[in-house]
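Enquirer: Quick one, structure for this:
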Amino acid sequence: NQIIPSGIWPRMIQRPYGIIANPKDKPKSIFISSFDSHPLAPGFDFLLKGEDHYFQIGCDMLRRLTRGKVHLNLDSDAEVSALFGSVTGVQVNKFSGPHPSGNVGVQIHHLDPINKGEVVWTISPYGVTQIGKLFLEGIYDASKILAIAGPPVKNPRYYRTYDGACIEKFVENNLSHQNVRFVSGNALTGERIAADGFVGFYDHLITVLTEGDYSEFLGWLKPTTKKLSFHRAWGLLSFLKKDQKFDLDTNTCGEERAFVQTGVFEQVTPMDILPTYLIKAIMAEDYDEMEALGIYEVVEEDLALCEFVDVSKHPIQSILREGIELMLKG
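Expert: The predicted structure follows:
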């Protein structure tokens with residue numbers, strides 16, 4: 001009764017479908033991912049430094065909302081911070097590896113998979129501390145720390161601000177050039193905004209990328225190690241320098257074409273599903289196949305890497321959301 005009118009409830013996200021949770025539901029468990037493995041994402045241990053007590057109270061309140069466990073998932077490749085290391089009353093799990101290891105959907109898949117008719121709730125550490133402050137101090141704290149990063153940013157830095165803040169002053173006089181794209185969130189799943197746009201409700205990062213508004217004739221034929229490619233194609237030799245960093249822009253290096261099956265989707269999806277066939281089932285509007293192939297387990301961020309490595313340049317995330325909308329209507 002306190003959380004809903006406070007404005008914090010939209011922090012609670014339901015799986016399946018990645019929609020705001022229905023307070024009338026009884027989730028079988030609640031998941032908190034303590035780390036964000038997306039590109040350039042800031043760490044919650046820094047964003048919430050000194051908020052230990054609020055986080056603990058928030059976890060205590062979450063335990064009252066589920067019959068099952070509250071899962072707190074940590075990065076096993078990083079040192080456990082005081083914020084998460086002292087929490088009691090939760091099930092602590094550790095995940096390792098590159099992105100998408102920090103995606104809560106991947107974590108749910110491996111710990112408490114969702115079957116038809118089941119509901120799991122997820123919430124970010126930031127949302128947990130907001131709940132803690134609400135019950136301890138009776139306030140809705142909309143303040144947040146925002147990171148500004150990306151190749152064109154001269155001095156990446158943090159700002160203390162509020163939900164929905166305008167980014168104009170944060171990026172002013174801090175760019176190496178002006179032909180850029182601003183993204184609220186990360187480069188894989190974020191939303192494009194204007195130079196005077198606003199920080200997304202769920203975002204702690206503004207990513208700045210160079211606009212890829214150019215074309216290169218037969219660019220993939222010229223041997224180079226300076227272009228990142230997931231595929232060992234002719235001319236694209238980035239695999240020879242595995243530790244090399246790339247200054248990426250928004251150029252997709254091609255347009256949408258026929259759906260080519262290469263088997264790479266499965267290589268970047270650490271889940272026991274078949275993303276290629278799931279996407280095809282969505283495009284065919286085959287409800288039974290969508291259900292059988294795991295649409296209950298994924299939202300856009302879980303297949304964002306599939307879109308990134310797709311040689312056919314399909315909007316995988318948009319297609320997946322269309323499939324989710326079909327399931328919601330059905």
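Enquirer: Give me the neighbour count for Asp247.
Expert: Number of residues near Asp247 (other CB atoms under 10 Å) recorded here: 11. Heads up, the C-betas are built off the backbone N, CA and C, glycines and all.
Enquirer: How about Gln267?
Expert: Residues lying near Gln267 (other CB under 10 Å) number 12.
Enquirer: which residues in this protein form helices?
Expert: Assigned by DSSP state H, the chain shows helices spanning 3-6, 44-47, 52-63, 82-85, 104-111, 125-137, 168-171, 264-267, 275-283, 287-292, 304-309, 316-329.
Enquirer: Buried residues, the second one. List them.
Expert: Yep, that's helix 44-47 we're talking about. Phe44, Asp45, Leu47 (16 or more other CB atoms under 10 Å).
Enquirer: The first one: what's it in contact with?
Expert: Residues touching Phe44, when contacts are defined by CB atoms under 8 Å, 6 or more residues apart in numbering, comprise Ser34, Phe35, Asp36, Leu83, Ser124, Pro125, Tyr126.
Enquirer: any idea which of those has the most stuff around it?
Expert: The residue in the contacts of Phe44 with the most neighbours, by other CB under 10 Å, is Ser34 (27 neighbours).
Enquirer: That one: what's it in contact with?
Expert: Residues near Ser34 by CB under 8 Å, 6+ apart: Phe44, Asp45, Leu72, Asn73, Leu74, Asp75, Phe84, Pro125.
Enquirer: Asp36 now?
Expert: Pro42, Gly43, Phe44, Gly102, Asn186.
Enquirer: From the buried residues of helix 44-47, pick the one nearest Asp112.
Expert: Phe44 (21.4 Å; CB to CB).
Enquirer: all strands of the protein, in order?
Expert: 13-15, 19-20, 29-33, 70-75, 91-95, 120-122, 143-149, 157-162, 180-184, 191-193, 205-210 (DSSP state E).
Enquirer: TSV for the ones you listed, including mean pLDDT, distance to His314 and mean neighbour count?
Expert: Formatted as TSV, the strands of the chain follow (pLDDT from 0 to 100; distance: least, CB to CB, whole Å; neighbours: other CB atoms under 10 Å):
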stretch	mean pLDDT	distance to His314	mean neighbour count
strand 13-15	99	24	20
strand 19-20	98	23	12
strand 29-33	99	27	24
strand 70-75	99	30	23
strand 91-95	98	28	16
strand 120-122	99	26	24
strand 143-149	98	28	18
strand 157-162	98	35	13
strand 180-184	99	20	22
strand 191-193	98	18	14
strand 205-210	98	20	23
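Enquirer: can I get the ones you listed in JSON lines with distance to Glu266?
Expert: Listed next are the strands of the chain as JSON lines, based on distance: least, CB to CB, whole Å:
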{"stretch": "strand 13-15", "distance to Glu266": "21"}
{"stretch": "strand 19-20", "distance to Glu266": "27"}
{"stretch": "strand 29-33", "distance to Glu266": "22"}
{"stretch": "strand 70-75", "distance to Glu266": "23"}
{"stretch": "strand 91-95", "distance to Glu266": "19"}
{"stretch": "strand 120-122", "distance to Glu266": "24"}
{"stretch": "strand 143-149", "distance to Glu266": "30"}
{"stretch": "strand 157-162", "distance to Glu266": "37"}
{"stretch": "strand 180-184", "distance to Glu266": "27"}
{"stretch": "strand 191-193", "distance to Glu266": "27"}
{"stretch": "strand 205-210", "distance to Glu266": "27"}
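Enquirer: quick one, which of these is nearest to Glu285?
Expert: strand 19-20 (19.9 Å).
Enquirer: Report the contact partners of the spatially most central residue of the chain.
Expert: Geometric centre of the chain, nearest residue: Glu301, 4.9 Å, by CA atoms, centre = their mean. With contact set as CB under 8 Å, 6+ apart, Glu301 has these partners: His38, Pro100, Asn103, Gly105, Leu188, Thr189.
Enquirer: Low-confidence stretches in the stretch 151-300 of the chain?
Expert: Within the stretch 151-300 of the chain, the stretches with pLDDT under 70 are 218-226, 231-241.
Enquirer: Tally up the residues packed near the closest residue to Val299 other than its chain neighbours, please.
Expert: The shortest distance from Val299 to any non-neighbouring residue, by CB to CB, 6 or more residues apart in numbering, is to Gly18 (3.4 Å). Gly18: 18 surrounding residues under other CB under 10 Å.
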